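K.L.:
what shape does this take:
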Amino acid sequence: VQLVESGGGLVQAGGSLRLSCAGSRFTFSNYGGSWVRQAPGKGPEWVSTIKPGGGSSTYYADSVKGRFTISRDNAKDTLYLQMNNLKPEDTALYYCAAVAGWGTEYWGQGTQVTVSS
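P.N.:
Sure thing, here's the model as predicted:
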């Protein structure tokens, strides 16, 4: 089982990035997908979740609501996070997770997002 994030990088404040999380060797469509971030010196912060069916079953932390959009392409076993109007406080290591209703969780290795002011 593997989750691989990509799409992180350095961007100026106000810019955009799109993170991707590709799953392999498991049926990603059966799992909820989440993004969690961790800034330097801080604990993990939940960012967003999308249910297995996708669509309107999406949830966001107040800190990113209206700026970030989570989506998924179950045919490609891939989870996305579109991040617009980025702020320096969005700087963090972003992890994706696949979480099943029965408790199984898989995590990626993280992708760094750095927003300069």
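K.L.:
what's near enough to touch Tyr31?
P.N.:
Applying Cβ atoms under 8 Å, 6 or more residues apart in numbering to Tyr31 gives the contacts 52, 98-100, 104, 106. C-betas here are computed from N, CA, C, even on glycine.
K.L.:
most neighbours, which of these?
P.N.:
Ranked by neighbour count (other Cβ atoms under 10 Å), those have Ala98 at the top, with 25 neighbours.
K.L.:
quick one, phi/psi of Ser34?
P.N.:
phi -140, psi 160 (degrees, to the nearest 10).
K.L.:
how about it, what does it touch?
P.N.:
Counting by Cβ under 8 Å, 6+ apart, Ser34 makes contact with 46-50, 96-99.
K.L.:
before we move on, what about Ser57?
P.N.:
Ser57 neighbours (Cβ under 8 Å, 6+ apart): 50-51.
K.L.:
pLDDT at it, what is it?
P.N.:
Ser57 is assigned a pLDDT of 92 by the prediction.
K.L.:
neighbours of the residue lying closest to Gly33 once chain neighbours are set aside, just the number please.
P.N.:
Nearest residue to Gly33 in three dimensions, chain neighbours excluded: Leu79, at 4.0 Å (Cβ to Cβ, 6 or more residues apart in numbering). By other Cβ under 10 Å, 30 other residues sit near Leu79.
K.L.:
cool, Ile50 as well?
P.N.:
23.
K.L.:
nothing else from me, thank you.
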